[in-house]
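S.K.: Quick one, what's the 3D model for this:
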Amino acid sequence: MNTNDQNREPIKVIIADDHVLYRAGVKTALSAKPDVKVIAEADNGSHLLNLLKLIPCDVILLDIQMPIMDGIATLPEIKKIAPNTKVIMLTMMEDHSMVTKLMELGANSYLAKTSDIEMIYEAIKTCYESEYYFNTLTNKAMLNNLKQRNVPTPQKLMQQEAHLNEKETTILRLMCEEKSTKEIADLVDLSPRTVEAIRDKLKVKTGAKSTAGLIMYAVKHKILNAEL
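M.R.: Next up is the predicted model:
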């Protein structure tokens, strides 16, 4: 761990899940990570929203299936109360259509509840630092859902393939590989500010409204698999 990590406040996490043993297991495992701290637990969405009004946090682990108020109903309300808080959806079902729906509603990642603690930890850190954590499940889900629907994604301009130059294509591919802005800047020998400017230009070119939209564009147009 470098000096910056040591000086930084831990990432504040709330776990919302109706299974007490699951919450306890994740909390205990994360307690071994000095840069992450579980500050509260909730057993349903309503309980979580009440907590959020009192306790600010950085990342929420949100179970989809909960009594009283489930994760799907809770997600949009979280974004109203705490728009900058990152939300990682947890589920026992790998439902591809659900992944895309939740990402469009504002989820920052989607993990199977069978994921090991290292993946959960990596998702927390990546969402906190880079907004989204994409994995094989999310990429496959978005691709499959686009194929099944065979309709344009919500961004109107994504119906047409944008003309991206080699640098833009490289940066988009690196974004899909979960690289941070700094990592991308180092790899393509540009400043982080220039990478951010190119990312903004990519959004304009593709019609994407968010990083998730850019990833969906890359999946749809097979940029992930393209040979440069």
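
S.K.: domains for the chain, by residue range?
M.R.: In terms of domains, the chain is parsed into 3-135, 152-220 (source: automatic domain parsing).

S.K.: which intervals of the chain have sub-threshold pLDDT?
M.R.: 1-7, 95-96, 142-162, 224-228 (pLDDT under 70).

S.K.: quick one: the strands in it?
M.R.: For the chain, the strands defined by DSSP state E cover 11-16, 36-42, 59-63, 86-91, 109-112.

S.K.: any chance of the domains of the chain in JSON lines, plus distance to Ala141 and mean neighbour count?
M.R.: Just so you know, the C-beta spots here come from the backbone N, C-alpha and C atoms, and that holds for glycine as well. Formatted as JSON lines, the domains of the chain follow (distance: least, CB to CB, whole Å; neighbours: other CB atoms under 10 Å):
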{"stretch": "domain 3-135", "distance to Ala141": "4", "mean neighbour count": "17"}
{"stretch": "domain 152-220", "distance to Ala141": "9", "mean neighbour count": "17"}
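
S.K.: dump the residue contacts of the nearest residue to Met93 once chain neighbours are set aside.
M.R.: Computed as CB to CB, 6 or more residues apart in numbering, the closest residue to Met93 that is not its neighbour in sequence is Ile64, at 7.8 Å. Listed by CB atoms under 8 Å, 6 or more residues apart in numbering, the contact set of Ile64 reads Asp70, Gly71, Ile72, Met89, Leu90, Thr91, Met93, Met98, Leu102.

S.K.: how close does the second one sit to Lys101?
M.R.: Gly71 sits 12 Å away from Lys101 when distances are taken as CB to CB, to the nearest Å.

S.K.: The third one too?
M.R.: Using CB to CB, Ile72 is found at 8 Å from Lys101.

S.K.: still on that earlier bit, quick check, nearest of the contacts of Ile64 to Ile117?
M.R.: Leu90 (12.6 Å; CB to CB).

S.K.: That closest one contacts Gln65, correct?
M.R.: No: using CB atoms under 8 Å, Leu90 makes no contact with Gln65, being 9.1 Å away.

S.K.: which residues do these two both contact?
M.R.: With CB under 8 Å, 6+ apart as the test, Leu90 and Gln65 both reach Gly71.

S.K.: Would you check that my belief about Cys57 contacting Ile39 is correct?
M.R.: Yes: Cys57 is within contact range of Ile39, at 6.0 Å (criterion: CB under 8 Å).

S.K.: Next, show the common contact partners of these two.
M.R.: Lys12, Val13, Ile14.

S.K.: Ser191: which of those residues is nearest?
M.R.: Ranked by distance to Ser191 (CB to CB), the shared contacts of Cys57 and Ile39 are led by Lys12 at 30.1 Å.

S.K.: Any idea which residue is closest to the centre of this protein?
M.R.: For the chain, Asn108 is the residue whose C-alpha lies nearest the centre (CA atoms, centre = their mean; 2.5 Å).

S.K.: residue contacts, that one?
M.R.: If you count contacts by CB under 8 Å, 6+ apart, then Asn108 has Lys86, Val87, Ile88, Cys127, Glu131, Tyr132, Tyr133 around it.

S.K.: Tell me the spacing between Asp186 and Val195.
M.R.: 10 Å.

S.K.: what's the spacing between the residue nearest to Met93 and Thr28?
M.R.: Counting by CB to CB - Ile64 and Thr28 are separated by 22 Å.

S.K.: Ok, Asp18 next?
M.R.: Plainly put, Asp18 is 18 Å away from Thr28 if you go by CB to CB.

S.K.: ditto for Lys101
M.R.: 32 Å.
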